[in-house]
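Asks: Sequence and computational prediction follow.
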Amino acid sequence: MVGGNGGGRGGASADLHSAARSGDLAAVQSIISSNTLAVNSRDKHSRTPLHLAAWAGQNEVVSYLCKNKADVGAAAVDDMGAIHFACQKGHLEVVRTLVSFGVSVKSVTRKGLTPLHYAAQGSHVDLVKYLVKKGANVRATTKAGKNPADVAGNAETQNFLEECEEQAKKDKVNSQRKTEEVKPESCDVEGDNKDLKRKGTEDGNEEEEKKEASSKAKKPKVVLPHLQDADDTEADQEEEEETEEPNNVPSTNPSEVST
């Protein structure tokens, strides 16, 4: 009922908490319209109106609060958020609404409990399936080392989560295999590139050597006369004399020979 003092907590805030928990949407709208700051007010357990509406399964109130600047990520005692309260009670539609406003299905409390832990503990199978579909980690463990399957409240929920966990393990192994298959190929490509670079370098060096050899072969011989010694000069003169035709050789014409 609107108007109570909520145990001394202050009129408007206490009334809003009470209205949110009971699902009195008209009262919630009236209070927030006159005092917008009350939307994120806290009770003695640090709970906001959104926490109480989510816990009670009041989806219309939850939706209205989210649209009117309620802090969807606010944490109460033990870091429990609105989604944890909703999952604890199995309110699937409330969880859908919270997720649509950006609440993470992987949010964790101080004890390491996820929304999936709470849903599994309460044996809310449909909610469990929804959370898994939205990416909840079936292998997440609490500070006590318990995963959702370990805390499941009935066999159906436990079996479903164990199957999901087994599939998650297979997916991880397959992913690792694919990664290992890709690595050798990349190594081969890298090796081929290195071989090509090495071959290119060798070919370039060989071409340079050929150019140097050709340059040396074409280089003219330079004679430096002032460096020649006396023996070399005399040898050159003798060669020149040998190649000249002698002028004093007797004629072999028979008509000139005396009888």
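Replies: That came through fine.

Asks: Please enumerate the helices of the stretch 101-250 of the chain.
Replies: Along the stretch 101-250 of the chain, counting by DSSP state H, counting those that start in this stretch, helices occupy 115-121, 125-133, 155-218, 230-243.

Asks: For those helices, which has the smallest mean pLDDT value?
Replies: Of all these, the minimum mean pLDDT falls on helix 230-243 (a mean of 53).

Asks: Burial check on residue 169, number of neighbours?
Replies: By other Cβ atoms under 10 Å, 11 other residues sit near residue 169. All C-beta atoms are positioned from the backbone trio N, CA, C, and that covers glycine.

Asks: whoops, residue 177 was the one
Replies: Number of residues near residue 177 (other Cβ under 10 Å) recorded here: 10.

Asks: count of residues packed around residue 134?
Replies: Residue 134 sits with 15 neighbouring residues when counted by other Cβ under 10 Å.

Asks: And the pLDDT at it?
Replies: Reading off the confidence values, residue 134 has pLDDT 97.

Asks: wait, isn't it in contact with residue 103?
Replies: No: contact status for residue 134 versus residue 103: not in contact, 10.4 Å apart, counting by Cβ atoms under 8 Å.

Asks: So residue 123 is in contact with residue 155, correct?
Replies: No: contact criterion Cβ under 8 Å: residue 123 and residue 155 do not qualify, at 9.4 Å.

Asks: between the two, which one's more packed in?
Replies: When residue 123 and residue 155 are compared on other Cβ under 10 Å, the one with more neighbours turns out to be residue 123, at 16 against 9.

Asks: Quick one, grab the pLDDT at the more buried one.
Replies: 97.

Asks: residues contacting it?
Replies: 152, 153, 154, 156, 157 (Cβ atoms under 8 Å, 6 or more residues apart in numbering).

Asks: what do you get if the cut-off is 7 Å, keeping everything else the same?
Replies: By Cβ atoms under 7 Å, 6 or more residues apart in numbering, residue 123 lies in contact with 153, 154, 157.

Asks: Now, of those residues, which are buried?
Replies: Burial by neighbour count, 16 or more other Cβ atoms under 10 Å: within the contacts of residue 123 this picks out residue 157.

Asks: For the residue lying closest to residue 126 once chain neighbours are set aside, what are phi and psi?
Replies: Nearest non-adjacent residue to residue 126, counting by Cβ to Cβ, 6 or more residues apart in numbering: residue 92, 5.8 Å away. Per-residue torsions, residue 92: phi -60, psi -50 (degrees, to the nearest 10).

Asks: For residue 92, give me its contacts.
Replies: By Cβ under 7 Å, 6+ apart, the neighbours of residue 92 are 126, 127, 130.

Asks: how about 10 Å then?
Replies: 57, 59, 86, 119, 124, 126, 127, 128, 129, 130, 131 (Cβ atoms under 10 Å, 6 or more residues apart in numbering).

Asks: top of the residues you listed by neighbour count?
Replies: Using other Cβ under 10 Å as the neighbour criterion, residue 119 leads the contacts of residue 92 with 35 neighbours.

Asks: Residue 157 is in contact with that one, correct?
Replies: Yes: with contact defined as Cβ atoms under 10 Å, residue 119 reaches residue 157; the gap is 8.3 Å.

Asks: any shared contact partners between these two?
Replies: Between them, residue 119 and residue 157 share these contacting residues under Cβ under 10 Å, 6+ apart: 125, 127, 128, 129, 148.

Asks: Make a markdown table out of those and add distance to residue 181.
Replies: Shown next, in a markdown table, are the shared contacts of residue 119 and residue 157 (distance: Cβ to Cβ, whole Å):
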| residue | distance to residue 181 |
| --- | --- |
| 125 | 38 |
| 127 | 38 |
| 128 | 34 |
| 129 | 33 |
| 148 | 32 |
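
Asks: Which one of these is nearest to residue 29?
Replies: residue 127 (28.1 Å; Cβ to Cβ).
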